[in-house]
Structure formats: structure tokens, C-alpha cells
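Peer 1: Quick one: sequence plus predicted model below, questions after.
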Amino acid sequence: MRRRLVNAAPAIVLVAALLGAWELYVDSGATSSSILPAPHTIAESLWGNAGLLGHNLAITAEEVVLGLAFALALGFALGVLIHLSPPLRRAFYPLTVGSQAVPIAVIAPLLVFLLGFGLLPKLIVIVLICFFPVLVTTVDGLAAVDPDQLKLLRTLDASRLQAFRFAELPAALPAAISGARIAVTVGVIGAYIAESQTATSGAYSGLGHEINADLSSLQTSRAYAAAVVLFAFAVACFYTLSEIERRLAPWANQSRGDIR
Amino acid sequence: MSTQLQSLAHHTPGNRTPGATGENGATGTSDGINLSDVHRAYRDRRGTSVPALAGVCMHADHGELLAVVGPSGCGKTTLLELVCGLQAPDRGLVECAPAALMAQRDLLLPWLSAVDNAALALRIAGRPREQARGRAAELFAELGLQGFERTHPHELSGGMRQRVAFLRTLLSGKPVLCLDEPFGALDAITRAEMQAWLGRALQREPRTVVLVTHDVEEAIVLADRVVVLSPRPSRVRAEIEVDLPRPRSRTDPAVIALREQALVALGMGDS
């Protein structure tokens, strides 16, 4: 516990310094508080609207977690297919790369037309954004398996499937999770876009929708409070995935960087 | 130990001719190795063809330990991959019983425990996990690895990793073992221990062994016969019978004399 505190100290100091500078900047009167509210105003709003924000967080969290899970499954499955079959690689890879260049904000309303206002179109938007980093890290993870290791498995009479099971799959799984870790931050942005484009006008339609509604009704501090919740949620997801990756691949601990 | 391992060996001899890699055929020398006039070139990074072996002939009977020494880059690894069926010769004949390869690097799978790594061949052969583990664990004490069954490779010392890799090769049950500089990465003390251990293990448990090494002394101490290769493209430059009782000491004058003979064949003798 104490070590964790020591580890977290630099981040705490940095956040405190940024908040202090922000507070001073707003106090100096250089900007209007309806455009940039002071941190203490946002904190008050956070406290006062805890119920509403919590409710909306639950909705957004469901979208992001489900979307990420599907993206992980899709990215991993596609990565394996692309790795195992050169024709499939040539068929799918350009398409998947291209899919990332399509402006999601353009597709989102079309999906609503097609699929209605439910969870599904939002999930599709998030999966579309999130599967790509998973796919790329999976393909790279599979390609990074030591060719000598595969040779060794051949001398032990391993079939292609056994080589995959013993050498490639265990190498690719943590790589895929690593991709999901990259994806989680864009996934949160994806959830915001999806909600902005597809949400109905109810009170509980997710944090993204909340932010938009508050901004248009000049409830700026609550919009910022919602953004703070999104921020905390993304950070929590990132570290949860890091922990999963660490448990899945304890051997990779030493060689990996400090971003966890 | 010997009875356990003997029963694991499946004795299906095979041969390899140009164009036939991988699966072993039905004919060939029984449990021995026979290479005649083997040519093999490989492509370097620019795609130019580099001849590695140019008419290599060598032979090992069942239970014989054949050491191969040669200058670095002379195609020793290519030779072992031919014997193991990972490559096919461009010309010539490779006849060999099924062979297991122990590469220079231990190539342990980081996600498997030591005992699961050792038992890998058994798992591949379709044995249930617990049974395969039990089989491998029986041999752990023999190698001074007891207590480390559940340890993962990144927590083992270099010498221990090498022993696990050797156990994995042994447990493949193949009648021929190809060892590619198995002790090259170890410190001098561990290397001497491992050499002594290998000598003992093979005395109890005879297999046909091809030991590639750059250490001439190691070759003389361990082998029945030492083949000296020329620089690339390699041919056999000399073949030295080592008809000395075991265990051999590196300070034995007979060992020193043979070492000198091998060094002269390599072109680096004292005289």
C-alpha cells in the first residue's frame, strides 16, 4: 500500500499543480466561468450531481466495456485469421486499415437509421474504433513469435494447430490485451461520439450525451464534471487492462515499460 | 532412469532425399545416421545463394556420440537441421532415424513452467497434462532440478534452463539427439558440470548423438568420434576416433594429444 502511494505520488503532484494553475487562471478573470469553470466549481458540481453522473456513467461504462470486449474478440479473431492465411491477410488487411479512415461521425447517424436508438448502433461505433489496435497488436504479437521456437516444435512433431496452441496463442493473447489498452482511450471517445450522434433525449443517456446537453443549456460546470468522470473511467479501464495483461503474461514483466 | 526412457523411444527409421523434408520415410539405417555427399546452399539476406555444405559424408552407428567441430559459420547448424529433417539436401542423401534438436538457445516457452516445458513433446504426442507432467517430474531430481518444477523459465538460471531444454529433447523419445552447442552459453564451471552429467546420462541411456561444438576439448572428452569440418563450403577434413575409457579427464595426456590432432586439422595447432 505504501509503495503504491509512493508510485502514485508523481501523478498526484502533477494533477495538483495543474489544478492549481487552472484555479489561478480562472481567478485572474482572464476567462468567463461559463466557458472555463474553476476546478472547485467542477468539484461542487460533481458532488451535487453524483446521482445523475453515476447513472450516466453506468450507461457509458456498459457501452465501453461491452464494445471493448467485442472489439477484443473481433480484433483477436481477425488477427489470427490474417496470421494463418496469407490470402485472408491480403483480403482483409487493407479493408480494416481503410475502415479506420472512415469518419465515424458520418457513419453513426446512418447506423441509427438502420438499427434504431438502442445499444446496438453505439456498440458498433465503439467496436469499429477499438478493434483496430487489437488487430494490429495481435498480428504483430503472432509475427513476433521466435521462428526458432516454431522450428523446435516441428522437430517435436507438433502439428500446425499444436504450434499455434503452444507457441503463438500464448504470445498473442497478452499482445491483444495490450492493444485493448490502447483502444480503451479511443473507445471512450467513441462512446462520446456514439452518444452524441445516436442518443435519445432522455435524462439518462450516457455521459457523452450528458456533456452535450449540459453545454447547450449552459450548465458548463456539470459538463466538465461529466468529463472528469469519463477521464477517471478511462484511467481505471487502462490500469485494469494492464493488471490483466500482467497476470496473463508475468514473464513479460521485466521487459515491459513502466506505463501500467 | 534408463528403463523409463528406453520405453519412450520409438524406433522408426527414415531417410531424406532432395525435396523431401519433414516426415520420415520407411527405409534407412536403424537408429543411426548416414550422410553421403550432402550439398546444401542457403540464401543470405540479399537472396544470393551461399553454399554451406559441399559434399559432406558422415556416419554414426546406433548409440554413438559423434562430435562435429569446425570454424564458426561453417554450416554446422545447417547440418543439424538436415539431420532433423528441417531442411532437405540440395544433393546427396541424408538417412537418419527420427531426431530431436536441442538448439543453441534453450527456446523454452516462457508461459510454461519448467516441468511443462520438459514435457512438451509428451503433450504434443497427445498425453494428458498430468500424466506428461508426472513423467517429466520423475527426471527432475536426476538433473538437480527438484523443487523447480513449477518455476517459469525467466526465474531459472542459464544452466537450469539448459538442463530443462535437454530434458525436453530427451523426452521426445527420438533415437537420435542433435545438440547444437548445448553448453556454449554457460559459464565454465556450469559447462563442466553439464558435460559430466551428459556423459553419465548417455552412458545409462544410449542414444545416437550428434554434438555440434566449437570447443575441441569438449568434443574429445565426450565423443566416440570427432568430425572436423573445413571452412564454408564445408567438407569433412578429418575424422578422429576417440577410443578412450570414460569418464575422461581433460588433463589426460591422451586427451591432450587428440585435442592437438583436432586443432591441427582445424588449422590452428601449436606446431
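Peer 2: Sure, I can see it. These numbers were taken from a predicted model, which means no experiment stands behind them.
Peer 1: can we go C-alpha only for contacts and neighbour counts from here?
Peer 2: Fine.
Peer 1: helices and strands around the helix or strand of chain A with the lowest mean pLDDT, which ones?
Peer 2: In chain A, no helix or strand scores lower on mean pLDDT, DSSP states H and E than helix A:104-115, which sits at a mean of 80. With contacts defined as 3 or more Cα pairs under 8 Å, 6 or more residues apart in numbering or on different chains; DSSP states H and E, helix A:104-115 has these neighbours: helix A:119-143, helix A:169-198.
Peer 1: Distance from the chain centre to the last one, please.
Peer 2: So that's helix A:169-198. 4 Å (Cα atoms, centre = their mean, to the nearest Å).
Peer 1: Tell me the helix or strand right after that helix.
Peer 2: Scanning forward in sequence from helix A:169-198 by DSSP states H and E, the next helix or strand is helix A:207-216.
Peer 1: Sort out which residues of the helix or strand following that following helix are buried, please.
Peer 2: On the C-terminal side of helix A:207-216, the closest following helix or strand by DSSP H and E is helix A:220-248. Buried residues in helix A:220-248, counting neighbours by 16 or more other Cα atoms under 10 Å in any protein chain shown, are found at A:220-227, A:229-230, A:233-234, A:237-238, A:241-242, A:245-246, A:248.
Peer 1: Likewise for stretch A:150-162?
Peer 2: By 16+ other Cα under 10 Å, the buried positions in stretch A:150-162 come out as A:150-158, A:162.
Peer 1: Same list (these) but as a markdown table, adding secondary structure and pLDDT.
Peer 2: Shown next, in a markdown table, are the buried residues of stretch A:150-162 (DSSP: H, G, I helix; E, B strand; the rest coil; pLDDT from 0 to 100):
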| residue | secondary structure | pLDDT |
| --- | --- | --- |
| A:150 | helix | 90 |
| A:151 | helix | 88 |
| A:152 | helix | 89 |
| A:153 | helix | 91 |
| A:154 | helix | 88 |
| A:155 | helix | 88 |
| A:156 | coil | 89 |
| A:157 | coil | 89 |
| A:158 | coil | 90 |
| A:162 | helix | 91 |
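Peer 1: how about those in JSON lines, adding distance to residue A:32?
Peer 2: JSON lines is the format used below for the buried residues of stretch A:150-162 (distance: Cα to Cα, whole Å):
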{"residue": "A:150", "distance to residue A:32": "63"}
{"residue": "A:151", "distance to residue A:32": "67"}
{"residue": "A:152", "distance to residue A:32": "68"}
{"residue": "A:153", "distance to residue A:32": "67"}
{"residue": "A:154", "distance to residue A:32": "69"}
{"residue": "A:155", "distance to residue A:32": "72"}
{"residue": "A:156", "distance to residue A:32": "72"}
{"residue": "A:157", "distance to residue A:32": "72"}
{"residue": "A:158", "distance to residue A:32": "69"}
{"residue": "A:162", "distance to residue A:32": "64"}
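Peer 1: returning to what we had before: what lies in contact with the least confident helix or strand of chain A?
Peer 2: A:121-122, A:125, A:193-194, A:197-198 (Cα atoms under 8 Å, 6 or more residues apart in numbering or on different chains).
Peer 1: Any residues of the stretch 151-271 of chain B in contact with chain A? List them.
Peer 2: Proximity of the stretch 151-271 of chain B to chain A is confined to B:152, B:154, B:172 under the rule Cα under 8 Å from any Cα of the partner chain.
Peer 1: ok, and the most crowded of the residues you listed?
Peer 2: Within those, neighbour counts (other Cα atoms under 10 Å in any protein chain shown) peak at residue B:172, which reaches 30 neighbours.
Peer 1: Does that one touch residue A:154 like I think?
Peer 2: No. If you go by Cα atoms under 8 Å, residue B:172 and residue A:154 don't touch, sitting 11.6 Å apart.
Peer 1: Quick check: the gap between residue B:256 and chain A.
Peer 2: Per Cα to the nearest Cα, to the nearest Å, residue B:256 is found 35 Å from chain A.
Peer 1: just for the stretch 101-250 of chain A, where's the confidence low?
Peer 2: A:198-204 (pLDDT under 70).
Peer 1: interface residues of it facing chain B?
Peer 2: Residues of the stretch 101-250 of chain A lying near chain B (Cα under 8 Å from any Cα): A:148-149, A:151-152, A:154-158, A:162, A:167, A:170, A:249.
Peer 1: which one of the residues you listed is nearest residue B:46?
Peer 2: residue A:148 (20.8 Å; Cα to Cα).
Peer 1: mind checking the SS state of the closest one?
Peer 2: The three-state label given to residue A:148 by DSSP: H, G, I helix; E, B strand; the rest coil is helix.
Peer 1: Just the buried residues of stretch A:65-76, please?
Peer 2: Buried residues in stretch A:65-76 (16+ other Cα under 10 Å): A:65, A:67-76.
Peer 1: chain center to that stretch, what's the gap?
Peer 2: So, by Cα atoms, centre = their mean, the centroid of stretch A:65-76 is 10 Å from its chain's centroid.
Peer 1: Give me the residues contacting it.
Peer 2: A:123-124, A:126-128, A:130-136, A:138, A:176-177, A:180, A:183-184, A:187.
Peer 1: Pretty sure residue B:184 sits against residue B:106.
Peer 2: No. The pair residue B:184 / residue B:106 is not scored as a contact, 11.0 Å apart, by Cα under 8 Å.
Peer 1: Chain neighbours aside, what residue packs nearest to residue B:190?
Peer 2: Nearest non-adjacent residue to residue B:190, counting by Cα to Cα, 6 or more residues apart in numbering or on different chains: residue B:159, 6.3 Å away.
Peer 1: pLDDT score for the one you found?
Peer 2: Per-residue confidence (pLDDT) for residue B:159: 83.
Peer 1: Tell me if I'm right that residue B:50 and residue B:73 touch.
Peer 2: No. Applying Cα under 8 Å as the test, residue B:50 and residue B:73 come out as separate, 11.3 Å apart.
Peer 1: before we move on, the earlier item: how about the helices and strands packed on helix A:104-115 in TSV, adding mean neighbour count?
Peer 2: TSV is the format used below for the helices and strands packed on helix A:104-115 (neighbours: other Cα atoms under 10 Å in any protein chain shown):
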stretch	mean neighbour count
helix A:119-143	24
helix A:169-198	24
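Peer 1: Span of stretch B:209-223 from start to end?
Peer 2: 9 Å (Cα to Cα, to the nearest Å).
Peer 1: Give me the contacts around that stretch.
Peer 2: B:63-72, B:76-77, B:80, B:176-182, B:184, B:195, B:199, B:226, B:242, B:247-250, B:255, B:258-259, B:262-263.
Peer 1: again, 6 Å this time
Peer 2: B:65-69, B:176-181, B:248 (Cα atoms under 6 Å, 6 or more residues apart in numbering or on different chains).
Peer 1: For the residues you listed, which two are the farthest from each other?
Peer 2: Spatial extent of the contacts of stretch B:209-223 (Cα to Cα) is set by the pair B:176 and B:248 at 23.0 Å.
Peer 1: Nice, that's everything, thank you.
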